[in-house]
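Got a predicted structure here, sequence first:
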Amino acid sequence: MHVPVPDLPADAPVLTVILDATSGADSRDTTVLHRWSDLRRALTPEGVDAVPSVDCDAVTEALGVPVHVRGEFGRVLVAAGGEVVLDRLLPEPPRADRAVVSDRPHAFALARAADATVRYLLVTVDRAGADFALYDAPAGLTGEVEESRTVEGGHDALTKPNLGPLGHKRIDNRAEDSWERNAEAVATELERIYTARGPELVLLTGDLRAVALVREELGRPVREKVVEISGGGRAEGVNARALRDQVAAAQTELRSRRRTSTVEKFRQEAGRDGAAVSGAEAVLDVLRKGQVAELMLAPDVAGPPSRLAKRSLWIGPGSLELARDAEDLHSLGVQNPREVRADLAIGRAVLEQGAGITIAEEMDAVPDGVGALLRWHDSGTPGEHALAGSADSRRV
């Protein structure tokens, strides 16, 4: 899963916060700010000089703004240079609240935000046209509309008058023709938006006859992305809650398919000693070489709290300079290595090589709960089967 990396000021410490953002029944409740206050008091810098108070103040300000979400949810915030540069909602709160200041955003928290987010296009149709709304939203939560527009087909013979079984066949045909031509206009605009904006999911709802006509007009690449849902409509009186539930269910299914697809690819490559490795030692090796396309983590490894946060690695000034001990880096010519938390060191290397991160329950069965899909592999890449029984996989 591609990890969103916000634009950051040069050489500035970075504060990453992931916390339960569920508030009380009273809209003025300060529960979330109290949680953040507890985290803030416990903050210690990891590899940077100090905890910037301006970043903490920026997070406090952001958390004080209501997001109008009911029920339980989480939040990931990244602040640097006195500004919140990333603020994403999570459909489920984390198991524990965590905050860290380092020289990079915490990659595992960014991965949580990426997994939660689904870019989808909601198309609400009737026989006259359609309303389009493009969202980049956490699954199950209301997101901001990134783009919206309305298309009217322009053909207005939309009803069939009930004038008897033998008469006015021409009028009936004209109505059918209008519906079809309006559906063509809607399908054309849908394909344009899909091509230009690339949503992962297209949700089609509204008048049943119009939905069927629009779907028939779509080309195969777009039609395969379409999921029909009930509950939507262009007229007043739509059950908004029922529609939200349908949208949330479609988002959740897509998130599951994304993870399953990546895990299956990992299994296939691992099963034939291909472009995949398992275990912490092997993952360190391929991270150092910039081979990683996708880091694979079990949920308790990704955290919070992360199993890796209890361990340490040594790093140099370069993001791919990491090892189990300082001597390994000295042998590579690194003069002043420093010891940092393993989760931060690994995340730093992942971000540097533009790799994705997938967090999946299935990784619990993998040594150390850590694996990687590779961009390439050669004779120097650790063998999957050999590693699976190696005690080295437990050394980090």
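Arrived safely. The model shown is predicted, which means the values in this text are computed figures rather than measured ones. Numbering: from 1, shown residues only.

looking at it, A309 is touching I346, isn't it?
No - when contacts are counted by CB atoms under 8 Å, A309 is not listed as touching I346 (10.6 Å). Any C-beta I mention is one placed from the backbone N, CA and C, and that applies to glycine too.

what about those two, which has more around it?
Neighbours of A309 and I346, each counted by other CB atoms under 10 Å, are more numerous for I346; the result is 30 against 19.

Make sure the more buried one is indeed in a strand.
No - assignment of I346 by DSSP: H, G, I helix; E, B strand; the rest coil gives helix, placing it outside any strand.

Need the pLDDT of it.
On pLDDT, I346 comes in at 95.

so what's V370 up against?
S278, G279, A280, V283, L295, M296, L297, A298, V301, M363 (CB atoms under 8 Å, 6 or more residues apart in numbering).

swap that for E361, please
Counted by CB under 8 Å, 6+ apart, E361 has contacts A298, P299.

worst-scoring helix or strand of this protein, pLDDT-wise?
helix 384-388 (a mean of 41; mean pLDDT, DSSP states H and E).

Could you check stretch 30-46 and say which residues are buried?
For stretch 30-46, the neighbour count (16 or more other CB atoms under 10 Å) marks V32, R35, W36, L39, R40, L43, E46 as buried.

What of stretch 298-309?
A298, D300, V301, A302, G303, P304, S306, R307, L308, A309.

any low-confidence regions in the stretch 101-250 of the chain?
The stretch 101-250 of the chain contains residues with pLDDT under 70 at 139-143, 154-175.

Helices along the stretch 101-250 of the chain, start to end?
Along the stretch 101-250 of the chain, the segments classed as helices by DSSP state H, counting those that start in this stretch run 107-116, 169-197, 208-217, 220-223, 240-271.

who's in contact with the first one?
The set of residues external to helix 107-116 that reach it, using CB under 8 Å, 6+ apart, is 1-5, 16-18, 74, 76, 78, 86, 88-91, 94, 98, 138-139, 255, 258-259, 297, 302-304, 306, 343, 346-348, 350-351, 356-359.

Mind giving me the PyMOL select for the residues you listed, buried ones only?
Filtering these down to the buried ones (16+ other CB under 10 Å) takes a single PyMOL command:
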select buried, resi 1+3+16+17+18+74+76+78+86+88+89+90+91+94+98+138+139+255+258+259+297+302+303+304+306+343+346+347+348+350+351+356+357+358+359
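
Skipping its backbone neighbours, what lies nearest the most centrally placed residue in the chain in space?
Within the chain, one residue has its C-alpha closest to the average C-alpha position: by CA atoms, centre = their mean, that is A114, at 2.0 Å. Excluding the flanking residues, the one nearest A114 by CB to CB, 6 or more residues apart in numbering is M1, at 4.9 Å.

Now do the contacts for that neighbour.
Taking CB under 8 Å, 6+ apart, we find M1 in contact with A111, A114, D115, R258, R259, T262, E294, G356, I357, T358.

Pipe those into JSON lines and attach distance to G371 per row.
Converted to JSON lines, the contacts of M1 look like this (distance: CB to CB, whole Å):
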{"residue": "A111", "distance to G371": "14"}
{"residue": "A114", "distance to G371": "18"}
{"residue": "D115", "distance to G371": "16"}
{"residue": "R258", "distance to G371": "17"}
{"residue": "R259", "distance to G371": "13"}
{"residue": "T262", "distance to G371": "11"}
{"residue": "E294", "distance to G371": "9"}
{"residue": "G356", "distance to G371": "13"}
{"residue": "I357", "distance to G371": "11"}
{"residue": "T358", "distance to G371": "9"}
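
for those, which one is nearest D325?
I357 (25.3 Å; CB to CB).
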